[in-house]
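**Q** no letters, just coordinates:
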């Protein structure tokens, strides 16, 4: 599964991206993830299966869905803040099943 994380500038999701990579490595899962800011997702979305957004850009969720046509959902604030990879993967797997 290829996940695109979108946030305001791509920095805070960069931290989450590292946690997710470690989570997958520990479980032997072969997924990939990249983090970008709002101004960049249109340039790269075609290379991904799903899009997940940080809470700070949840107001753009419908626009991102319309622009890309990909399964897209926001990461809940608490899961995002603490890097709850297990809960985030539940959402990711649900989105991937919609592809």
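**A** Ah, there it is. Since this is a predicted model, take the numbers as computed values, not measurements.

**Q** I'd guessed residue 14 sits against residue 35; true?
**A** Yes. If you go by C-beta atoms under 8 Å, residue 14 and residue 35 touch, sitting 4.7 Å apart. Heads up, the C-betas are built off the backbone N, CA and C, glycines and all.

**Q** give me the more crowded residue out of these two.
**A** Neighbours per residue, other C-beta atoms under 10 Å: of residue 14 and residue 35, the larger number sits with residue 35, 23 against 14.

**Q** how many neighbouring residues does the closest residue to the more buried one other than its chain neighbours have?
**A** Nearest residue to residue 35 in three dimensions, chain neighbours excluded: residue 13, at 3.7 Å (C-beta to C-beta, 6 or more residues apart in numbering). Other residues near residue 13 number 27, with proximity taken as other C-beta under 10 Å.

**Q** phi, psi for residue 13 please.
**A** phi -70, psi -20 (degrees, to the nearest 10).

**Q** residues contacting it?
**A** 5-7, 35-36, 54 (C-beta atoms under 8 Å, 6 or more residues apart in numbering).

**Q** just the pLDDT at it, thanks.
**A** Residue 13 is assigned a pLDDT of 78 by the prediction.
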